[in-house]
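# Model the structure of this input:
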Amino acid sequence: MAYTISHSRRLRSTPFTRGVEAAGVTSYTVYNRMLLPTVFESVEFDYRHLKQHVQVWDVSVERQIELNGPDASRLMQMLTPRDLSKMRSDQCFYVPITDEDGKMLNDPVAIKHDDTRWWVSIADSDLLLWIKGVAVGKGLDVRVFEPDVSPLAVQGPKADDLMETVFGAEVRDIRFFRYKRLAFGDTSFIVARSGYSKQGGFEIYVEGSERGMPLWDALFAAGKDLNVRPGCPNLIERIEGGLLSYGNDMTMDNSPLECGLGKFCKPTEGNDHIGHQAMARELAKGLARQIRAISIPGEPLVPARAAWPLMHDGVRVGQVTSAAWSPDFTTNVAIGMVDAGHWEDGTELTVQTPEGERKALVREKFWI
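Model (predicted):
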């Protein structure tokens, strides 16, 4: 049965929606109360094209929260367990955001303009309200608001070629998780080497909704010889690469340590990061569960719409949170949260899927 989404002011379009719909989007999801494309041709067709060519993604749903004022850097450090003290003004950092109990509220990318101005490029949650609350509660001298900034991603092995055509050769000099401000027409955009795929590429932070379609059209005009197509975060490719989805693979019930993000959780001594003490207690006690890659052999399974229980000798020891058939690895690839004692590489479990019980193998590493 086919369904439609009823539009209202609560469900915002993006600066690129006209281009996305003209390009033949076939499926959307709702993310930060906006439309996020999920399929164009088919999940498998889009997956294959992403790995071979170049795609332009409307990821405006990655809303920006701006921290602006004398206390902006102090507030930013309070929000995350990651040490930001050595972060430069041309860097992007992946920053888990935690509450007072050390639990995940979001896993955005932080972009530092300077010590008094930051953008936080968020996943799907009402993080703006939390950051405003912290700023007001702590009496900080900082404005917290959503600017008119909409990211557009260019992803795939030909991304550098396409971006050079539009932004010039300087784009090739941008290092991973660094950015430059590059000219486009009579304006300029922040261009970062980042994105929600393992195929490489860029994210362009479009300031001003009215500039969205001119950039979209320029990229497609420049990419005709590169077989450019519209695309979107691809379920199969992101699972292969172990790219976690907030709200699916991790929620407010999980800590960054459980999500395998320990390398981003090393705050400096004496800072006032929210949740620092709770995370220290968790480390001292030891983890009860953690994210793992999971292979489910056999015939292709329908992608998971709800968590699938992971079992060992009739006892639940975790759950699969995302799963899809991988054409390249000829297995069902999955992400799961697995209890301690059952997460070692090669551990054999069973998973209860809507299509029956299947064998599940815990893997130490993701596929790509």
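
# now whichever strand or helix holds residue 191: how far from the chain's centre is it?
Residue 191 is part of strand 187-192, with elements assigned from DSSP states H and E. Distance of strand 187-192 from its chain centroid, counting by CA atoms, centre = their mean, to the nearest Å, is 20 Å.

# quick one: average pLDDT of it?
Strand 187-192 shows a mean pLDDT of 98.

# contacts for it?
The contact list for strand 187-192 (CB atoms under 8 Å, 6 or more residues apart in numbering) reads 92, 111, 163, 167, 171, 174, 177-182, 202-208, 211, 215. Every residue, glycine included, has its C-beta placed from N, CA and C.

# Please enumerate the helices of the stretch 1-150 of the chain.
For the stretch 1-150 of the chain, applying DSSP state H, counting those that start in this stretch gives helices covering 17-22, 43-52, 72-79, 127-137.

# one step back: out of the contacts of strand 187-192, which sit inside helices?
Counting by DSSP state H, the part of those found in helices is 163, 167, 215.

# Dump these into JSON lines; add pLDDT and distance to residue 325 as well.
As requested, the ones in helices among the contacts of strand 187-192 are exported to JSON lines (pLDDT from 0 to 100; distance: CB to CB, whole Å):
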{"residue": "163", "pLDDT": "98", "distance to residue 325": "31"}
{"residue": "167", "pLDDT": "98", "distance to residue 325": "36"}
{"residue": "215", "pLDDT": "98", "distance to residue 325": "34"}
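
# And residue 329, how close does it get to residue 238?
The gap separating residue 329 from residue 238 is 14 Å, by CB to CB, to the nearest Å.

# before we move on, what about residue 284?
Using CB to CB, residue 284 is found at 33 Å from residue 238.

# that older thread, between residue 329 and residue 238, who's got more neighbours?
A side-by-side neighbour count of residue 329 and residue 238, using other CB atoms under 10 Å, places residue 238 first with 22 against 13.

# Check the secondary structure at the more buried one for me.
Assigned with DSSP: H, G, I helix; E, B strand; the rest coil, residue 238 falls in the helix class.

# mind listing what the strand holding residue 191 pairs with, with the direction of each?
Strand 187-192 sits in its sheet next to strand 179-184 (antiparallel), strand 201-207 (antiparallel), going by DSSP bridges.

# could you dump these to TSV with mean neighbour count, distance to residue 75 and mean pLDDT?
What follows is the strands paired with strand 187-192, written out as TSV (neighbours: other CB atoms under 10 Å; distance: least, CB to CB, whole Å; pLDDT from 0 to 100):
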stretch	mean neighbour count	distance to residue 75	mean pLDDT
strand 179-184	16	21	98
strand 201-207	23	20	98
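
# re earlier: among the ones in helices among the contacts of strand 187-192, which one has the most neighbours?
Compared across the ones in helices among the contacts of strand 187-192, residue 163 has the highest neighbour count, 26 neighbours, by other CB under 10 Å.

# Go ahead and confirm that one touches residue 170.
No - with contacts counted by CB atoms under 8 Å, residue 163 stays clear of residue 170, the gap being 9.9 Å.

# Which stretches in the stretch 251-368 of the chain count as strands?
Using DSSP state E, counting those that start in this stretch, the strands found in the stretch 251-368 of the chain span residues 289-296, 308-312, 315-326, 331-339, 348-353, 356-363.

# my bad, should have said the stretch 51-200 of the chain
Along the stretch 51-200 of the chain, counting by DSSP E, counting those that start in this stretch, strands occupy 54-58, 64-68, 92-94, 97-98, 104-106, 109-114, 117-121, 143-145, 149-155, 179-184, 187-192.

# between these, which one is nearest to residue 228?
Smallest distance to residue 228 across the strands of the stretch 51-200 of the chain (CB to CB): 5.2 Å, for strand 54-58.

# Flag the shaky bits of the protein, pLDDT-wise.
Confidence mapping of the chain against pLDDT under 70 gives the ranges 1, 267-271.

# can you rerun that using 80?
Within the chain, the stretches with pLDDT under 80 are 1-4, 266-271.

# Give the residue farthest from the middle of it.
Distance to the chain centre peaks in the chain at residue 313, reaching 34.8 Å (criterion: CA atoms, centre = their mean).
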